[in-house]
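Undergrad: Mind folding the following:
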Amino acid sequence: MSFSLRFISEPYIHETESPEDEDKFIESAVADGEIQVGDFTEEFWFNLSYWEKIDYERQWVEGLKRITEWGYKKSILIVDMQDPSTDGLITGYVLYQDKGTVYIQEHFFAFEDLPEPFDENNPYKHISEREPGGDEDGQLSEWSCSIEDVELFLNEICES
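TA: Numbers count the residues shown, from 1 in each chain. Alright, predicted model coming up:
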């Protein structure tokens, strides 16, 4: 098994239709990204309008160290960070470590639905307990890998 999360393109401008006016478009800085967990691979966009590439990578190192070195059982790797002062959201891959296995689920956090203001310096306090997922009956998708795979990835990004 293996684990990785990375940027696979340079930043570029992406246009999306305005939710208020379908004749207007909003330009956003984005970059393509990819997560790999075992045989599963998914591509997505990183929103670069609030955080830059280095901000994401800094948060990943901290998030990975939480479960590999600091003894926490859950963490998050943010892949879409929007300005917390807006009605936006964040997207991240939540990691749950249990007996040497890391379970990974994609989660979306709408700022307006959180019980307290989102703290980008401590996004971990917004992570709920793990609800085992799967692809059946509309449950969360969930993938797993070993803690050693996560440690290898952490070592790789810390060396680059």
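Undergrad: Run through the neighbouring helices and strands of the lengthiest strand in the chain.
TA: The single longest strand within the chain, with elements called by DSSP state E, is strand 25-37. Where contact means 3 or more C-beta pairs under 8 Å, 6 or more residues apart in numbering; DSSP states H and E, strand 25-37 is packed against strand 3-7, strand 12-17, strand 40-47, strand 143-146. C-betas here are computed from N, CA, C, even on glycine.
Undergrad: Output these as JSON lines; include the columns mean neighbour count.
TA: JSON lines is the format used below for these (neighbours: other C-beta atoms under 10 Å):
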{"stretch": "strand 3-7", "mean neighbour count": "18"}
{"stretch": "strand 12-17", "mean neighbour count": "11"}
{"stretch": "strand 40-47", "mean neighbour count": "15"}
{"stretch": "strand 143-146", "mean neighbour count": "18"}
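Undergrad: could those go into CSV alongside mean pLDDT and distance to Lys99?
TA: Below are the helices and strands packed on strand 25-37 laid out as CSV (pLDDT from 0 to 100; distance: least, C-beta to C-beta, whole Å):
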stretch, mean pLDDT, distance to Lys99
strand 3-7, 96, 17
strand 12-17, 82, 41
strand 40-47, 92, 21
strand 143-146, 95, 10
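Undergrad: worst-scoring helix or strand of this structure, pLDDT-wise?
TA: Between all helices and strands in the chain, the lowest mean by mean pLDDT, DSSP states H and E belongs to strand 12-17, at a mean of 82.
Undergrad: May I have it as PDB, with CA atoms only?
TA: C-alpha atoms of strand 12-17 as PDB (Å, rounded to 0.1, in the frame of the first residue of the first chain):
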ATOM      1  CA  TYR A  12      -3.700  28.700 -13.200                       C
ATOM      2  CA  ILE A  13      -6.900  30.800 -13.400                       C
ATOM      3  CA  HIS A  14     -10.200  28.900 -13.500                       C
ATOM      4  CA  GLU A  15     -13.500  30.600 -14.300                       C
ATOM      5  CA  THR A  16     -16.800  29.500 -12.700                       C
ATOM      6  CA  GLU A  17     -20.300  30.800 -13.100                       C
END
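Undergrad: That one: partners in the sheet, and parallel or antiparallel?
TA: Taking DSSP bridges as the criterion, strand 12-17 forms sheet pairs with strand 25-37 (antiparallel).
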